[in-house]
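Fold the stuff below for me.
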Amino acid sequence: MPPSGGDGADRTRRPGGVLKRERVRDAVLGMVEERRAGDAIPSERALCVQLGVSRPTLRAAVDELVAAGVLIREHGRGVFVAPEKITQELVPGRNSLSVPRASGAWASRLLEFATVPAGARVGRRLRLSPAARVIYVARLRLVDGYPMAIEHLHIPAALVPGLTARELEHGDLYEHLRTHHDVHVNEATQTIEPTVATRAEAELLEVPELSPALLFERLTTDTAGQPVEYVHSLYRGDRYRIVSHLTLRADTAPAVPSDGHHPGIPPGDSIHGDPVAAATLGDVQGRRR
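Next up is the predicted model:
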């Protein structure tokens, strides 16, 4: 594990194990996004040559995506893109979601810090050329001293000149971006879906392999609407849950029924078809003894 101190220039070197796995995973995900459900991805041999990695490294990345339901492996035939997952918004339209800070004392432990090319997938997210440089950061997030999540951040390097590894271990990231780099975050789009922890992730989170987990993916934009951060994080499923508080407006006149429905509320069960206001927060579960 790399030391936590030092500046960004010192950290721009050959990527370590965490970043290597991440880059292979992103490359395969990029191929998935360019295909339709049922399409095959290239063979292991072809992918190893194309990505310049060993077969065990590639197979581990593919196994992870199979376990997460992104790919389907058919014996004797190959690996195929899985059907798309059902997407369901907590609140229809542009109604806001309130996301208070989760409970507990949060801290970070730096796993990796490097300046690397964005690549096709991250470049699309951040509206950058694949050759553009981004700051890649892998952090282990801890609550009350116990591992809670693994966070992978990608920030356009041009936005944060001089950013150091040490800066990312203390304080609030968005506050730091505002005060030190004049980057003012404004909005974020975040998705949450269930997954399982791989062997490497399980070791960092101190849980058994294939333990349930929550995958968070977030794209943050600034006040001008430009992407400033792409993050995906894996949270322990045994100690983190999402709680939604819904306001059912029973005291108003009937509204036009919506075509969709809200998670946990069967179609037709909302009162008069009225809008449902939701506030969502992270609830950290007590450590099991």
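
quick one: buried residues of the helix or strand Asp63 falls within?
Per DSSP states H and E, Asp63 falls inside helix 55-67. Neighbour counts over helix 55-67 (16 or more other C-beta atoms under 10 Å) mark Thr57, Leu58, Ala60, Ala61, Val62, Glu64, Leu65 as buried. (C-beta placed from N, C-alpha, C; glycine too.)

Look up how far Ala131 lies from Gly119.
Relative to Ala131, Gly119 is positioned 9 Å away (C-beta to C-beta, to the nearest Å).

one step back: for the next helix or strand after the helix holding Asp63, name the packing helices and strands.
Moving toward the C-terminus from helix 55-67, the next helix or strand (DSSP H and E) is strand 71-74. Counting by 3 or more C-beta pairs under 8 Å, 6 or more residues apart in numbering; DSSP states H and E, the packing neighbours recorded for strand 71-74 are helix 55-67, strand 78-81.

quick one on the thing from earlier: compare Gly119 and Ala131 (neighbour count), which wins?
Legend: neighbour count by other C-beta atoms under 10 Å for Gly119 and Ala131, higher for Gly119 (19 against 9).

Skipping adjacent residues, who's closest to the more buried one in space?
Pro130 (5.5 Å; C-beta to C-beta, 6 or more residues apart in numbering).

cool, and Leu19?
Glu112 (5.2 Å).

Assign that neighbour to helix, strand or coil.
Classification of Glu112 using DSSP: H, G, I helix; E, B strand; the rest coil returns strand.

how much space is there between it and Gly17?
For Glu112 relative to Gly17 (C-beta to C-beta), the value is 8 Å.

neighbour-wise, which of these two wins?
For the pair Glu112 and Gly17, the greater number of neighbours falls to Glu112 (20 against 13), based on other C-beta under 10 Å.

I'd assumed Ile135 was in contact with the more buried one.
No. If you go by C-beta atoms under 8 Å, Glu112 and Ile135 don't touch, sitting 10.8 Å apart.

buried stuff in stretch 22-39?
In stretch 22-39, counting by 16+ other C-beta under 10 Å, buried: Glu22, Arg23, Val24, Arg25, Asp26, Ala27, Val28, Leu29, Gly30, Met31, Val32.

about what we covered before: for Val160, which of the helices and strands packed on strand 71-74 is the nearest?
Minimum separation from Val160 across the helices and strands packed on strand 71-74 (C-beta to C-beta) falls at helix 55-67, 28.1 Å.

Where does pLDDT dip in this protein?
By pLDDT under 70, the weakly predicted segments of the chain are 1-16, 86-103, 171, 243-289.

how about the strands in it?
Here the chain has its strands, by DSSP state E, at 71-74, 78-81, 106-117, 133-143, 146-156, 185-196, 212-222, 227-236, 240-248, 276-284.

check contacts around Glu217.
Contacts for Glu217 were tallied using C-beta atoms under 8 Å, 6 or more residues apart in numbering; they are Gln190, Thr191, Val231, His232.

And it, how far from Thr189?
9 Å.

Could you do Asp26 as well?
The gap separating Asp26 from Thr189 is 19 Å, by C-beta to C-beta.

cool, and Glu167?
Counting by C-beta to C-beta, the gap from Glu167 to Thr189 is 25 Å.

between the two, which one's more packed in?
Neighbour tally, Glu167 and Thr189, criterion other C-beta under 10 Å: the higher count belongs to Glu167, 18 against 9.

how much space between the more buried one and Val160?
With C-beta to C-beta as the criterion, Glu167 and Val160 are 9 Å apart.

for the closest residue to Arg36 other than its chain neighbours, what are its contacts?
Leaving aside its sequence neighbours, Arg36 sits nearest to Val81 (C-beta to C-beta, 6+ apart; 6.7 Å). Residues near Val81 by C-beta under 8 Å, 6+ apart: Val32, Arg35, Arg36, Ala37, Gly38, Asp39, Ala40, Ile41, Val70, Leu71, Ile72.
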